[in-house]
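Enquirer: Here is a sequence together with a model predicted from it:
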Number of protein chains: 2
Amino acid sequence: MSRPPAPSPAAAGCPPPRRPPGAKRLANEARILKAAEEVFATAGFAGARTAAIARRAGVPKANLHYYFGTKEALYRRLLETILEVWLAMGDSIRPEADPAHAFAAYIAAKVEHSRRRPYASKVFANEMLHGAPQLRGYLRRELRRWVAAKAKVIEGWVAAGRMAPVEARHLFFVIWAMTQTYADFDVQVAAVLGRKRLAARDYQAAAALITRLVLRGAGLKG
Amino acid sequence: MSRPPAPSPAAAGCPPPRRPPGAKRLANEARILKAAEEVFATAGFAGARTAAIARRAGVPKANLHYYFGTKEALYRRLLETILEVWLAMGDSIRPEADPAHAFAAYIAAKVEHSRRRPYASKVFANEMLHGAPQLRGYLRRELRRWVAAKAKVIEGWVAAGRMAPVEARHLFFVIWAMTQTYADFDVQVAAVLGRKRLAARDYQAAAALITRLVLRGAGLKG
DNA sequence: GTCTATATATCGATAGAC
DNA sequence: GTCTATCGATATATAGAC
């Protein structure tokens, strides 16, 4: 490992300087981000304690601030990692795909994501709930473009008579809602089902029902 | 947390004509609860400031504590008022009702509630998101019983051949998710639609799509 | 009952030793 | 680069005058 250069006086007001990170630092940052996902999801941004994140990550609190600067900067970094995964889903919705299979695959991926990373979904939900103070730009740019592109695909299917006419953008809103509720509201779902935690069969039942509603609603089944 | 006793009515002499005892207090409590709904929805429990609630309600901060004791007690009182409305919806789902009309009416009521009281929906969503620390008991008792009763109605319709077989409890989970997303995630929906705020026609489009998905999914249409 | 002025606790952030 | 010890800011809650 080459020793990083000393910070120049010109950058004195910009802590902490980004450098080629060492292996230990990378590992620590990953641990902190994982811990932050759990704590921010459970407590919200304001309720999250940097001390709790550091403790869960197994690093001193001062290191957390040394790596990420402020609590808000850590939160933004976490949101970035979550959004990457978010936008990557939905690859199955392409013009040449079969509409029924495309929707089924998208719904399956979303439900699986709710099962595997419920904390990530909750952090995102919390940010939306409180007016998206950090994600205004993302919503108006990346997400809006993403939806516009996917809506065009769906409208192409409709024009070709491959599925029934549908408000494509609203269809996405309700698919997101139905799939993400099994992460965001897992406590409610588990309580009503009388379980301590949601089981694999619960997610399977969810995916089956959601797929059925969407496919029949789009005139693709039955 | 005991509340101070109500003032005893002045019996001696003839006091000047006054409002009924506690009228001002009742009005102030209502103003505080309304303000609390907005602030808790926007900032979450931990992020909410009692000073912000008091300012928005137009009362001194000390009065808020005098009326409700602690921030947490105020929050619990607020949740109670929200749950009352929550459980009252769904009256249309009765054994003798027409399934298609019952679902359509329930969905319309839920979407209308998302439009009229988005803050209430967000407070509830925030509580669920963070593990329902105040509502554990409500979920396992009242809500679970509510769903069990409604599920029985739906299973009766299925047994009578009036609709297709369906996982009744999961159907409620996704109906709640779809309808409430237009309150909880209104920022996201508005951004994708390119609006500053959601308009009446957006809620109409939502209700139409959700109703269509549910009715076709239940074999009640098309 | 109402309100100002303040006590007490907590948390984010950092200085400075190593 | 790492970590301990601590500061300063901010918030809940209340004491006490009116």
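Expert: Cool, the structure landed. Everything numeric here is computed off the predicted structure, so don't read it as measured data.
Enquirer: which of the residues in stretch A:210-222 are buried?
Expert: A:210-220 (16 or more other CB atoms under 10 Å in any protein chain shown). C-betas here are computed from N, CA, C, even on glycine.
Enquirer: Between helix B:23-47 and the helix ranked longest in chain A, find me the angle.
Expert: Taking DSSP state H as the criterion, chain A has its longest helix at helix A:23-47. Interaxial angle, helix A:23-47 versus helix B:23-47 (axes from the mean of the first three to the mean of the last three CA atoms, to 10 degrees): 170 degrees.
Enquirer: which helices and strands does helix A:23-47 pack with?
Expert: helix A:50-57, helix A:61-68, helix A:71-88, helix A:118-129, helix B:23-47, helix B:118-129 (3 or more CB pairs under 8 Å, 6 or more residues apart in numbering or on different chains; DSSP states H and E).
Enquirer: Which among these is found nearest to residue B:189?
Expert: Residue B:189 sits nearest to helix A:118-129 of all the helices and strands packed on helix A:23-47, at 9.4 Å, using CB to CB.
Enquirer: got the residues of chain A near DNA strand C?
Expert: A:15, A:48-51, A:61-62, A:65-66, A:69-72 (CB under 7 Å from any atom of the strand).
Enquirer: How about residue A:219, nearest residue that isn't a chain neighbour?
Expert: Computed as CB to CB, 6 or more residues apart in numbering or on different chains, the closest residue to residue A:219 that is not its neighbour in sequence is residue A:164, at 3.2 Å.
Enquirer: host element of that neighbour?
Expert: Using DSSP states H and E, residue A:164 sits in no helix or strand.
Enquirer: thought it was touching residue A:171?
Expert: No: the pair residue A:164 / residue A:171 is not scored as a contact, 11.0 Å apart, by CB atoms under 8 Å.
Enquirer: Quick check on those two: which one has the bigger neighbour count.
Expert: With neighbours defined as other CB atoms under 10 Å in any protein chain shown, residue A:164 and residue A:171 compare such that residue A:171 has more, 19 against 15.
Enquirer: Leaving aside the residues adjacent along the chain, what's closest to the more buried one?
Expert: residue B:209 (6.7 Å).
Enquirer: tell me which element that neighbour falls in.
Expert: Short version, using DSSP H and E: residue B:209 is in helix B:200-217.
Enquirer: packing partners for that helix?
Expert: Looks like helix B:200-217 contacts helix A:168-184, helix A:200-217, helix B:99-116, helix B:168-184 (3+ CB pairs under 8 Å, 6+ apart).
Enquirer: Take these and lay them out in JSON lines including distance to residue B:150.
Expert: Output for the helices and strands packed on helix B:200-217, formatted as JSON lines (distance: least, CB to CB, whole Å):
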{"stretch": "helix A:168-184", "distance to residue B:150": "17"}
{"stretch": "helix A:200-217", "distance to residue B:150": "16"}
{"stretch": "helix B:99-116", "distance to residue B:150": "9"}
{"stretch": "helix B:168-184", "distance to residue B:150": "7"}
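Enquirer: re the thing from before, who touches both of residue A:164 and residue A:171?
Expert: Shared contacts of residue A:164 and residue A:171, defined by CB atoms under 8 Å, 6 or more residues apart in numbering or on different chains, comprise A:217-218.
Enquirer: Could you list the domains of chain A?
Expert: With domains defined by automatic domain parsing, chain A comprises A:21-69, A:72-217.
Enquirer: The last one vs DNA strand D: in contact?
Expert: Translated: domain A:72-217. No: between domain A:72-217 and DNA strand D, judged by CB under 7 Å from any atom of the strand, nothing touches; the nearest distance is 13.6 Å.
Enquirer: cool, the first one as well?
Expert: Yes: Domain A:21-69 lies in contact with DNA strand D when judged by CB under 7 Å from any atom of the strand; the contacting residues are A:21-22, A:24-25, A:28, A:59-63, A:66.
Enquirer: tell me the mean pLDDT for that domain?
Expert: Per-residue pLDDT over domain A:21-69 has a mean of 94.
Enquirer: buried residues in stretch A:199-210?
Expert: So, applying 16+ other CB under 10 Å, buried residues of stretch A:199-210: A:202-203, A:205-210.
Enquirer: Turn the residues you listed into JSON lines, including pLDDT.
Expert: Shown next, in JSON lines, are these (pLDDT from 0 to 100):
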{"residue": "A:202", "pLDDT": "98"}
{"residue": "A:203", "pLDDT": "98"}
{"residue": "A:205", "pLDDT": "98"}
{"residue": "A:206", "pLDDT": "98"}
{"residue": "A:207", "pLDDT": "98"}
{"residue": "A:208", "pLDDT": "98"}
{"residue": "A:209", "pLDDT": "98"}
{"residue": "A:210", "pLDDT": "98"}
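Enquirer: Pick the one among the residues you listed closest to residue A:116.
Expert: Using CB to CB, the buried residues of stretch A:199-210 come closest to residue A:116 at residue A:203, 9.7 Å.
Enquirer: Name the nearest residue to residue A:188, sequence neighbours excluded.
Expert: Once flanking residues are discounted, residue A:188 sits nearest to residue B:128: 5.2 Å by CB to CB, 6+ apart.
Enquirer: show me what contacts residue A:39?
Expert: Going by CB under 8 Å, 6+ apart, residue A:39 touches A:48-49, A:52-53, A:56.
Enquirer: again, 10 Å this time
Expert: Counting by CB atoms under 10 Å, 6 or more residues apart in numbering or on different chains, residue A:39 makes contact with A:45, A:47-57, A:78, A:119, A:123.
Enquirer: ditto for residue A:141
Expert: So residue A:141 contacts residue B:191 (CB under 10 Å, 6+ apart).
Enquirer: that older thread, farthest-separated two in the buried residues of stretch A:210-222?
Expert: Once CB to CB is applied, the buried residues of stretch A:210-222 give A:210 and A:219 as the farthest pair, at 16.5 Å.
Enquirer: low pLDDT regions in chain A?
Expert: The model of chain A has pLDDT under 70 over residues A:1-21, A:222.
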